[in-house]
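Peer 1: Structural data only, the sequence is not supplied:
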């Protein structure tokens with residue numbers, strides 16, 4: 001990781017009282033070290049680096065790239081792949097990456113509070129009528145009575161880091177179920193793989209995870225699905241964000257990027273949110289996504305997981321501003337963020353339709 005990014009990370013860890021332990025270097029390092037993103041010097045396409053995770057949820061970005069939508073906007077896009085959400089925000093703040101597409105976290109909000117980042121669009125949203133994140137119980141905990149999220153009080157739950165989206169979802173479930181979050185024993189594991197291992201072995205009682213992993217664990221008899229986050233906390237899970245410098249100094253480039261991204265979302269929604277409507281189109285899109293997701297598996301093994309991971313993405317990247325505001329307040333109430341800012345300091349609504357905007 002570049003030196004400036006390490007300095008930003010160190011500041012993030014202590015900023016606003018947030019203790020964020022990102023763990024191993026593998027979590028911090030991108031899959032490859034991108035060149036510094038800048039406008040093309042030869043009059044050609046503008047170079048743009050996108051920080052992403054190799055999940056089906058990132059598919060609209062991959063679709064926009066593979067179908068030439070970024071090229072249509074005069075953008076030369078490269079991807080930098082990460083293993084966690086918070087390092088993407090650090091990379092954008094340091095100038096190594098231009099755009100990110102990951103979950104909102106306490107670390108993200110701390111960097112945004114310091115003036116480094118702006119939320120410019122919506123992406124994955126938990127909605128009542130579409131599978132999103134599942135709540136699972138270990139087999140041991142399930143047999144002992146942990147059969148619904150309402151029973152999580154008194155049990156342990158694996159998360160990646162303090163301040164992660166998993167932490168937030170646990171808090172929203174506890175609130176909806178009527179007990180304090182302190183009654184859940186949160187166990188930071190740094191990586192999703194470690195969370196899964198701890199659940200399967202019974203070291204933790206529960207965890208929250210995306211649907212393709214949840215279904216695979218349940219089907220294999222390794223854990224039990226006991227509920228879905230959308231029943232407790234419909235919310236704006238992931239967003240599109242960029243640096244404050246980009247929105248201030250290169251708004252036309254941001255607009256071009258968003259237009260291409262919106263075209264990718266439209267294609268994704270037309271196929272992956274109703275996969276049975278056109279099996280041939282579903283197969284074609286799944287093969288496109290497979291170039292980025294589960295690349296270590298043959299297509300016939302990867303396809304079911306890719307398709308099961310097709311979460312709901314907001315049409316035209318619409319942004320639920322009210323929910324972003326609610327998340328900021330929640331992290332502040334938990335003592336994980338300073339209280340000297342609100343959502344208006346970190347959201348730029350010029351580029352997509354904003355809805356649920358607070359008065």
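Peer 2: That came through fine. Since this is a predicted model, take the numbers as computed values, not measurements.

Peer 1: my read: residue 261 touches residue 61, true?
Peer 2: Yes - if you go by CB atoms under 8 Å, residue 261 and residue 61 touch, sitting 6.5 Å apart. Placement of C-beta: from N, CA and C, glycine included.

Peer 1: Pick out whichever of the two has more residues nearby.
Peer 2: Taking residue 261 and residue 61 together and counting by other CB atoms under 10 Å, residue 261 has the greater number of neighbours (29 against 26).

Peer 1: Mind giving me the packing neighbours of the longest helix seen in the chain?
Peer 2: If you go by DSSP state H, the chain has its longest helix at helix 251-272. Secondary-structure packing of helix 251-272 (3 or more CB pairs under 8 Å, 6 or more residues apart in numbering; DSSP states H and E): strand 46-52, helix 59-66, helix 69-72, strand 75-81, strand 117-122, strand 238-243, helix 244-249, helix 279-290.

Peer 1: who wins for proximity to residue 108 among these?
Peer 2: strand 117-122 (6.7 Å; CB to CB).

Peer 1: got the contact list for that closest one?
Peer 2: Residues outside strand 117-122 that contact it (CB atoms under 8 Å, 6 or more residues apart in numbering) are 89, 92-93, 104, 108, 111-112, 236, 239-244, 246-247, 254, 258, 261, 314, 317-320, 324, 346-348, 350-352.

Peer 1: Of those residues, keep whichever come out buried.
Peer 2: With neighbours counted by 16 or more other CB atoms under 10 Å, the contacts of strand 117-122 contain buried members at 89, 92-93, 104, 108, 111-112, 236, 239-244, 246-247, 254, 258, 261, 314, 317-320, 324, 346-348, 351-352.

Peer 1: what's the burial count for residue 171?
Peer 2: When counting by other CB under 10 Å, one arrives at 19 neighbours for residue 171.

Peer 1: actually residue 96, not the one I typed
Peer 2: Counted with other CB under 10 Å, the burial measure for residue 96 works out to 21 neighbours.

Peer 1: was I right about it contacting residue 49?
Peer 2: Yes - with contact taken as CB under 8 Å, residue 96 and residue 49 are classed as touching, separated by 7.2 Å.

Peer 1: Any figure for the gap between residue 157 and residue 215?
Peer 2: Using CB to CB, to the nearest Å, residue 157 is found at 19 Å from residue 215.

Peer 1: what about those two, which has more around it?
Peer 2: Remark: of residue 157 and residue 215, residue 157 carries more neighbours, 27 against 18, as counted by other CB under 10 Å.

Peer 1: Now for that one, which secondary structure element holds it?
Peer 2: strand 156-159 (DSSP states H and E).

Peer 1: Give the partner strands of that strand in its sheet and their orientations.
Peer 2: Each strand that pairs with strand 156-159, with its direction, by DSSP bridges: strand 185-188 (parallel), strand 206-209 (parallel).

Peer 1: Reformat these as JSON lines; add distance to residue 274 and mean pLDDT.
Peer 2: Shown next, in JSON lines, are the strands paired with strand 156-159 (distance: least, CB to CB, whole Å; pLDDT from 0 to 100):
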{"stretch": "strand 185-188", "distance to residue 274": "36", "mean pLDDT": "98"}
{"stretch": "strand 206-209", "distance to residue 274": "24", "mean pLDDT": "97"}
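
Peer 1: any idea which of those strands is most buried?
Peer 2: Greatest average neighbour count among those goes to strand 206-209 (a mean of 26), per mean count of other CB atoms under 10 Å.

Peer 1: And for that strand, what's in contact with it?
Peer 2: 133-138, 141, 146, 152, 155-159, 166, 169-170, 192, 195-196, 198-199, 217, 226, 229.

Peer 1: what do you get for stretch 137-157?
Peer 2: By CB under 8 Å, 6+ apart, the list of residues contacting stretch 137-157 from outside reads 135, 166, 170, 173-174, 177-179, 183-187, 199-200, 202, 204-208, 221-224, 226-227, 231-232.

Peer 1: List the ones among those that fall in helices.
Peer 2: Using DSSP H, the members of those that fall within helices are 166, 170, 173-174, 177, 199-200.

Peer 1: and those residues as a markdown table, adding pLDDT, distance to residue 81 and neighbour count?
Peer 2: Shown next, in a markdown table, are the ones in helices among the contacts of stretch 137-157 (pLDDT from 0 to 100; distance: CB to CB, whole Å; neighbours: other CB atoms under 10 Å):
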| residue | pLDDT | distance to residue 81 | neighbour count |
| --- | --- | --- | --- |
| 166 | 94 | 20 | 26 |
| 170 | 97 | 27 | 25 |
| 173 | 96 | 30 | 23 |
| 174 | 97 | 33 | 21 |
| 177 | 94 | 36 | 17 |
| 199 | 98 | 25 | 27 |
| 200 | 97 | 25 | 16 |
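
Peer 1: if we can go back for a sec, do you know which of the helices and strands packed on helix 251-272 lies nearest residue 356?
Peer 2: With CB to CB as the yardstick, what comes closest out of these is strand 117-122 (10.4 Å).
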